[in-house]
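In: What follows is a protein structure lacking sequence information:
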(Lines give C-alpha, C1' and ligand atoms only; values in the text may rest on other atoms or scores of the structure.)
Protein backbone atom coordinates (compact mmCIF):
# COMPACT_ATOMS: atom_id res chain seq x y z
CA UNK A 1 0.00 0.00 0.00
CA UNK A 2 1.56 3.29 -1.06
CA UNK A 3 1.38 6.69 0.57
CA UNK A 4 -0.40 8.15 -2.45
CA UNK A 5 -4.16 7.92 -2.83
CA UNK A 6 -5.22 6.82 -6.30
CA UNK A 7 -7.64 9.20 -7.98
CA UNK A 8 -11.23 7.91 -8.10
CA UNK A 9 -11.86 5.73 -11.12
CA UNK A 10 -8.17 5.08 -11.81
CA UNK A 11 -7.28 1.48 -11.17
CA UNK A 12 -3.73 1.30 -12.51
CA UNK A 13 -1.17 1.20 -9.73
CA UNK A 14 1.20 3.64 -11.42
CA UNK A 15 -1.30 6.49 -11.85
CA UNK A 16 -1.54 9.33 -9.37
CA UNK A 17 -4.11 12.08 -9.93
CA UNK A 18 -3.82 11.66 -13.68
CA UNK A 19 -0.02 11.50 -13.70
CA UNK A 20 1.77 8.32 -14.61
CA UNK A 21 4.55 7.41 -12.19
CA UNK A 22 7.77 6.01 -13.66
CA UNK A 23 8.36 2.29 -13.16
CA UNK A 24 11.25 3.11 -10.82
CA UNK A 25 8.70 4.48 -8.33
CA UNK A 26 6.65 1.27 -8.41
CA UNK A 27 9.20 -1.54 -8.53
CA UNK A 28 10.79 -2.61 -5.26
CA UNK A 29 14.57 -2.35 -5.01
CA UNK A 30 17.18 -2.33 -2.26
CA UNK A 31 18.35 1.08 -1.04
CA UNK A 32 20.83 2.12 1.63
CA UNK A 33 19.33 4.25 4.40
CA UNK A 34 21.97 6.45 6.03
CA UNK A 35 21.36 6.70 9.77
CA UNK A 36 22.56 8.77 12.69
CA UNK A 37 25.65 7.36 14.38
CA UNK A 38 24.97 4.19 16.37
CA UNK A 39 21.23 4.24 15.60
CA UNK A 40 21.20 1.31 13.15
CA UNK A 41 19.45 -1.15 15.50
CA UNK A 42 16.88 1.46 16.52
CA UNK A 43 16.12 2.20 12.86
CA UNK A 44 15.84 -1.53 12.06
CA UNK A 45 13.35 -1.97 14.91
CA UNK A 46 11.28 0.96 13.69
CA UNK A 47 11.33 -0.39 10.11
CA UNK A 48 10.07 -3.72 11.44
CA UNK A 49 7.20 -1.97 13.24
CA UNK A 50 6.32 -0.11 10.01
CA UNK A 51 6.35 -3.33 7.99
CA UNK A 52 9.26 -2.30 5.75
CA UNK A 53 11.54 -5.10 4.55
CA UNK A 54 15.03 -4.34 5.82
CA UNK A 55 18.47 -5.89 6.29
CA UNK A 56 20.90 -4.96 9.04
CA UNK A 57 23.96 -7.22 8.83
CA UNK A 58 25.70 -7.70 12.19
CA UNK A 59 28.96 -9.26 13.31
CA UNK A 60 30.22 -10.37 16.73
CA UNK A 61 33.02 -8.47 18.40
CA UNK A 62 34.57 -8.92 21.84
CA UNK A 63 35.19 -5.63 23.64
CA UNK A 64 37.35 -5.34 26.73
CA UNK A 65 36.92 -2.92 29.56
CA UNK A 66 38.93 -2.76 32.78
CA UNK A 67 36.52 -4.95 34.73
CA UNK A 68 34.93 -7.21 32.10
CA UNK A 69 34.73 -8.51 28.54
CA UNK A 70 31.56 -8.31 26.48
CA UNK A 71 30.58 -9.89 23.21
CA UNK A 72 28.67 -7.33 21.16
CA UNK A 73 26.64 -7.55 17.97
CA UNK A 74 27.73 -4.56 15.88
CA UNK A 75 26.62 -3.36 12.42
CA UNK A 76 28.76 -4.71 9.58
CA UNK A 77 28.20 -1.45 7.68
CA UNK A 78 28.15 1.25 10.39
CA UNK A 79 25.69 4.03 9.64
CA UNK A 80 23.59 2.06 7.13
CA UNK A 81 20.48 -0.10 7.10
CA UNK A 82 19.35 -1.62 3.81
CA UNK A 83 15.67 -1.30 2.91
CA UNK A 84 13.64 -2.89 0.12
CA UNK A 85 10.83 -0.69 -1.11
CA UNK A 86 9.28 1.14 -4.02
CA UNK A 87 10.38 4.79 -4.16
CA UNK A 88 6.78 5.96 -3.83
CA UNK A 89 6.88 4.48 -0.28
CA UNK A 90 10.17 6.14 0.76
CA UNK A 91 8.45 8.42 3.28
CA UNK A 92 7.87 5.33 5.45
CA UNK A 93 11.67 5.25 5.84
CA UNK A 94 12.84 8.86 5.77
CA UNK A 95 10.24 9.93 8.37
CA UNK A 96 11.98 7.78 10.98
CA UNK A 97 13.78 10.31 13.23
CA UNK A 98 17.18 8.54 13.10
CA UNK A 99 17.23 8.19 9.30
CA UNK A 100 19.17 10.99 7.60
CA UNK A 101 18.40 10.08 3.98
CA UNK A 102 18.38 7.37 1.35
CA UNK A 103 21.79 7.26 -0.35
CA UNK A 104 21.82 8.47 -3.91
CA UNK A 105 22.95 11.07 -6.41
CA UNK A 106 21.58 14.56 -7.11
CA UNK A 107 18.82 14.11 -4.55
CA UNK A 108 17.56 10.85 -6.11
CA UNK A 109 17.97 7.60 -4.15
CA UNK A 110 20.12 5.06 -6.00
CA UNK A 111 19.13 1.41 -5.99
CA UNK A 112 21.69 -1.19 -4.96
CA UNK A 113 22.06 -4.32 -7.11
CA UNK A 114 19.43 -6.74 -5.79
CA UNK A 115 21.72 -9.71 -6.46
CA UNK A 116 24.53 -8.32 -4.26
CA UNK A 117 22.21 -7.79 -1.29
CA UNK A 118 20.58 -11.21 -1.68
CA UNK A 119 23.97 -12.95 -1.88
CA UNK A 120 25.14 -10.99 1.17
CA UNK A 121 21.98 -11.95 3.10
CA UNK A 122 22.27 -15.65 2.31
CA UNK A 123 26.03 -15.73 2.93
CA UNK A 124 25.80 -14.00 6.30
CA UNK A 125 22.89 -16.21 7.40
CA UNK A 126 25.23 -19.22 7.11
CA UNK A 127 27.45 -17.86 9.89
CA UNK A 128 30.52 -17.01 7.85
CA UNK A 129 33.30 -14.99 9.46
CA UNK A 130 32.60 -11.52 8.08
CA UNK A 131 33.84 -8.30 9.65
CA UNK A 132 34.14 -4.66 8.57
CA UNK A 133 37.16 -3.64 6.55
CA UNK A 134 38.45 -0.26 5.39
CA UNK A 135 37.15 0.75 1.96
CA UNK A 136 39.41 -0.64 -0.81
CA UNK A 137 39.59 -0.11 -4.54
CA UNK A 138 43.05 -1.46 -5.49
CA UNK A 139 44.44 -5.00 -5.46
CA UNK A 140 43.82 -8.28 -7.29
CA UNK A 141 40.14 -8.43 -8.26
CA UNK A 142 38.53 -11.86 -7.94
CA UNK A 143 35.09 -13.40 -8.19
CA UNK A 144 33.87 -15.83 -5.54
CA UNK A 145 32.72 -18.91 -7.49
CA UNK A 146 31.45 -21.27 -4.78
CA UNK A 147 30.30 -21.08 -1.22
CA UNK A 148 27.81 -18.79 0.49
CA UNK A 149 29.07 -15.62 -1.23
CA UNK A 150 29.23 -17.08 -4.76
CA UNK A 151 28.78 -14.38 -7.37
CA UNK A 152 30.28 -11.49 -5.44
CA UNK A 153 33.41 -9.72 -6.63
CA UNK A 154 36.10 -8.23 -4.45
CA UNK A 155 39.78 -7.77 -3.72
CA UNK A 156 41.86 -10.77 -2.60
CA UNK A 157 43.97 -10.39 0.56
CA UNK A 158 45.90 -12.68 2.88
CA UNK A 159 45.25 -12.83 6.60
CA UNK A 160 47.78 -14.99 8.40
CA UNK A 161 47.45 -18.41 6.76
CA UNK A 162 43.99 -17.89 5.22
CA UNK A 163 42.53 -15.90 2.35
CA UNK A 164 39.94 -13.15 2.54
CA UNK A 165 38.01 -11.32 -0.11
CA UNK A 166 37.20 -7.70 0.54
CA UNK A 167 33.73 -7.11 -0.92
CA UNK A 168 32.89 -3.46 -1.51
CA UNK A 169 29.52 -1.78 -1.89
CA UNK A 170 30.56 1.15 -4.09
CA UNK A 171 27.44 3.24 -3.49
CA UNK A 172 28.07 3.60 0.24
CA UNK A 173 31.86 3.20 -0.02
CA UNK A 174 31.99 0.49 2.63
CA UNK A 175 33.76 -2.85 2.52
CA UNK A 176 33.43 -6.15 4.33
CA UNK A 177 36.00 -8.95 4.61
CA UNK A 178 34.83 -12.55 4.14
CA UNK A 179 36.89 -15.69 4.65
CA UNK A 180 37.26 -17.88 1.55
CA UNK A 181 39.12 -20.97 0.46
CA UNK A 182 41.60 -20.70 -2.42
CA UNK A 183 39.40 -23.06 -4.47
CA UNK A 184 36.40 -20.73 -4.06
CA UNK A 185 37.82 -17.78 -6.03
CA UNK A 186 39.08 -17.05 -9.53
CA UNK A 187 40.68 -13.93 -10.97
CA UNK A 188 38.44 -11.63 -12.94
CA UNK A 189 38.94 -11.93 -16.65
CA UNK A 190 39.96 -15.60 -16.40
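Out: Everything's here; your move. All of these numbers come straight from a predicted model, not from anything done at the bench.
In: Please report how far residue 123 lies from residue 180.
Out: 10 Å (Cβ to Cβ, to the nearest Å). Backbone N, C-alpha and C define where each C-beta goes, glycine included.
In: What sits closest to the most centrally placed residue in the chain if chain neighbours are left out?
Out: By Cα atoms, centre = their mean, the mean C-alpha position of the chain lies nearest to residue 82, the distance being 4.2 Å. Leaving aside its chain neighbours, residue 82 sits nearest to residue 55 (4.2 Å; criterion: Cβ to Cβ, 6 or more residues apart in numbering).
In: which stretches of this protein aren't confidently modelled?
Out: 1-19, 21, 24, 128, 136-138, 190 (pLDDT under 70).
In: Would you map the helices across it?
Out: 40-49, 91-94, 114-125 (DSSP state H).
In: Using JSON lines, please lay out those helices together with distance to residue 189 and mean neighbour count.
Out: JSON lines is the format used below for the helices of the chain (distance: least, Cβ to Cβ, whole Å; neighbours: other Cβ atoms under 10 Å):
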{"stretch": "helix 40-49", "distance to residue 189": "36", "mean neighbour count": "18"}
{"stretch": "helix 91-94", "distance to residue 189": "38", "mean neighbour count": "16"}
{"stretch": "helix 114-125", "distance to residue 189": "20", "mean neighbour count": "16"}
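In: Quick one, which of those gets closest to residue 173.
Out: When these are compared by Cβ to Cβ, helix 114-125 sits nearest residue 173, at 14.3 Å.
In: Check which helices and strands that closest one sits against.
Out: When contacts are defined as 3 or more Cβ pairs under 8 Å, 6 or more residues apart in numbering; DSSP states H and E, helix 114-125 sits against strand 29-35, strand 53-55.
In: The shortest one pairs with which strands?
Out: Looking back up the chat, that one is strand 53-55. strand 80-85 (antiparallel) (DSSP bridges).
In: what's the angle from the strand it pairs with to helix 40-49?
Out: Orientation note: strand 80-85 sits at an angle of 20 degrees relative to helix 40-49 (axes from the mean of the first three to the mean of the last three Cα atoms, to 10 degrees).
In: Could you check how far the nearest residue to residue 58 once chain neighbours are set aside is from residue 115?
Out: Spatial nearest neighbour of residue 58, chain neighbours left out: residue 73 (4.5 Å); criterion: Cβ to Cβ, 6+ apart. Distance, residue 73 to residue 115, using Cβ to Cβ: 26 Å.
In: What is the burial count for residue 110?
Out: The burial count assigned to residue 110 is 14, neighbours taken as other Cβ atoms under 10 Å.
In: winner for burial among the helices and strands packed on helix 114-125?
Out: strand 29-35 (a mean of 22; mean count of other Cβ atoms under 10 Å).
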